[in-house]
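[1] Next come a sequence and a model predicted from it.
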Amino acid sequence: MSFSFLRSAIVAAVVGVAAAPAGAADITGAGATFPYPIYAKWAEAYKAETGVGLNYQSIGSGGGIKQIKAKTVAFGATDAPLKAEELNAAGLVQWPMVIGGIVPVVNIDGVADRELVLDGPTMAKIFLGEVKAWNDPAIAKLNPSVKLPATAIAIVHRSDGSGTTFNFTNYLSKVSPDWKSKVGDATAVEWPAGIGAKGNEGVANNVIQTKGAIGYVEYAYAKQNKMTTAKLVNHAGATVAPTVPTFQAAAANADWANAPGYYQILTDQPGKDSWPITAATFILMHKQPADPVAAKEALKFFAWAFAKGGPMAESLDYIPLPESLVKMVEKTWSADIKDADGKALAN
């Protein structure tokens, strides 16, 4: 599937579900591009079943956090979870919605999907601008059987505030002391090299169009655009491909019950089968929403997604939350999200 077709299909789904019948309250949300494909798929099915529309702005995690804090949407979405102190200061509730993988994508003549192998330190050197060509000895050492061209490496990174960037740079900070000291991890960083693009969509498009390019995107964008992904050497020293089982292996390490505000980072997890850049994507809502009717509709949508959206998530290679975690989240809704009279908004 071409990038332009995917983009058009997703936009059509989101715009199409925004026009609900008279009397139905549209749900408004904004934020992360990481979950955009599955939110669009859920939205289309939910609209068909209930007549209620979803208008989700895929503007990046930073934008979603700003909009929910400004109370301009019913919910915000972020791949960079907020710590409990920030949640409490803003009067927000946070929970994970779905889990997926972030993958390096490349455009190298003669190199097939999952043929290239990279490890964390080498990938950090690439994005630091220190490894400049695909036949560099550091890359060649990891790929003795791959014919690597002398093509210059063209780095593509996010230009907007991004939870995908947070998780990607968090991983690089864990595996490279140089990256940690020179760049660090955040939703937006001072990139030492490369060109910026907006959203997972923008990074995917730039990599597709640029020979010698490398970037990082959520796996659904890579798969649906038939992009060339790289394997990674994980924390255990094993070489793994981006697949649902390797995402699940990393996610299995999460101890959600003991994570205040469900704050969990799933990068560089132990285990021979774990994908190194696995991430959850999160929803943010106010404990006492300015528009309780809109908040109630949003919670109905999320409950429906948990109950019926699992197969759709899996079809796009996201991982649905385990039932035990869903029950924890639903208890959080009942306990923490209330109207001005203290009445719980979740059914």
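    Happy to help now that I have it.

[2] now the helices for the chain?
    For the chain, applying DSSP state H gives helices covering 3-16, 36-50, 61-69, 84-90, 120-127, 137-142, 163-175, 177-182, 199-209, 219-224, 244-251, 292-308, 310-315, 323-336.

[3] Please identify the deepest-packed of those.
    Here the criterion is mean neighbour count by mean count of other Cβ atoms under 10 Å, and of those the winner is helix 163-175, at a mean of 26. For every residue, glycine as well, the C-beta is placed using N, CA and C.

[4] angle of it against helix 199-209?
    Counting by axes from the mean of the first three to the mean of the last three Cα atoms, to 10 degrees, helix 163-175 points 70 degrees away from the direction of helix 199-209.

[5] Helix 163-175 packs against which elements?
    helix 61-69, strand 92-107, helix 120-127, strand 154-158, helix 177-182, strand 213-218, strand 278-286 (3 or more Cβ pairs under 8 Å, 6 or more residues apart in numbering; DSSP states H and E).

[6] still on that earlier bit, least confident of the helices of the chain, on average?
    Lowest mean pLDDT within the helices of the chain: helix 3-16, at a mean of 39.

[7] list the contacts for the closest residue to Ile108 other than its chain neighbours?
    The shortest distance from Ile108 to any non-neighbouring residue, by Cβ to Cβ, 6 or more residues apart in numbering, is to Trp134 (5.6 Å). Going by Cβ atoms under 8 Å, 6 or more residues apart in numbering, Trp134 touches 108, 148-151, 153, 212.

[8] Name only those of the residues you listed that count as buried.
    Those of the contacts of Trp134 that meet the buried threshold are 108, 148, 151, 153, 212, by 16 or more other Cβ atoms under 10 Å.

[9] For the residues you listed, give me CSV that also has pLDDT and distance to Ala220.
    Shown next, in CSV, are the buried ones among the contacts of Trp134 (pLDDT from 0 to 100; distance: Cβ to Cβ, whole Å):
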residue, pLDDT, distance to Ala220
Ile108, 98, 22
Leu148, 98, 28
Thr151, 98, 27
Ile153, 98, 25
Gly212, 98, 24
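
[10] give the contact list for Gly194.
    By Cβ under 8 Å, 6+ apart, Gly194 lies in contact with 127, 129, 154-157.

[11] 10 Å instead, please
    With contact set as Cβ atoms under 10 Å, 6 or more residues apart in numbering, Gly194 has these partners: 126-127, 129, 153-157, 206, 213-215.

[12] And it, how close does it get to Gly215?
    Per Cβ to Cβ, to the nearest Å, Gly194 is found 8 Å from Gly215.

[13] Common neighbours of these two, please.
    The contact sets of Gly194 and Gly215 overlap at 127, 154-157, 206 (Cβ under 10 Å, 6+ apart).

[14] Just send these back as TSV, with distance to His286 too.
    As requested, these are exported to TSV (distance: Cβ to Cβ, whole Å):
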residue	distance to His286
Phe127	36
Ala154	42
Ile155	38
Val156	35
His157	32
Asn206	36
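
[15] right, and out of those residues, which lies closest to Pro245?
    Comparing the shared contacts of Gly194 and Gly215 against Pro245 with Cβ to Cβ places Phe127 closest, at 26.9 Å.

[16] is it true that that closest one touches Arg158?
    No: counting by Cβ atoms under 10 Å, Phe127 sits too far from Arg158 to count as a contact (11.7 Å).

[17] Pull up the overlap in contacts between the two.
    168-169, 189, 191, 215-216.

[18] Max pairwise distance over these: which two?
    Greatest spatial distance among the shared contacts of Phe127 and Arg158 (Cβ to Cβ): Val189 and Gly215, at 14.7 Å.

[19] With neighbour numbers in mind, choose between these two.
    For the pair Val189 and Gly215, the greater number of neighbours falls to Gly215 (31 against 21), based on other Cβ atoms under 10 Å.

[20] Tell me what that one is bridged to.
    Counting by DSSP bridges, Gly215 is bridged to Val105.

[21] measure the most centrally placed residue in the chain to Pro96 for me?
    When Cα atoms, centre = their mean is applied to the chain, the residue found nearest the centroid is Phe34 (3.2 Å). Going from Phe34 to Pro96 by Cβ to Cβ gives 12 Å.

[22] Which neighbours do those two have in common?
    Contacts common to Phe34 and Pro96, judged by Cβ under 10 Å, 6+ apart, are 279-281.

[23] ok so, going back, reformat the contacts of Gly194 as a markdown table; add distance to Tyr46.
    Converted to a markdown table, these look like this (distance: Cβ to Cβ, whole Å):
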| residue | distance to Tyr46 |
| --- | --- |
| Ile126 | 41 |
| Phe127 | 38 |
| Gly129 | 44 |
| Ile153 | 42 |
| Ala154 | 39 |
| Ile155 | 38 |
| Val156 | 33 |
| His157 | 33 |
| Asn206 | 32 |
| Ala213 | 36 |
| Ile214 | 36 |
| Gly215 | 31 |
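
[24] Sounds good, over and out.
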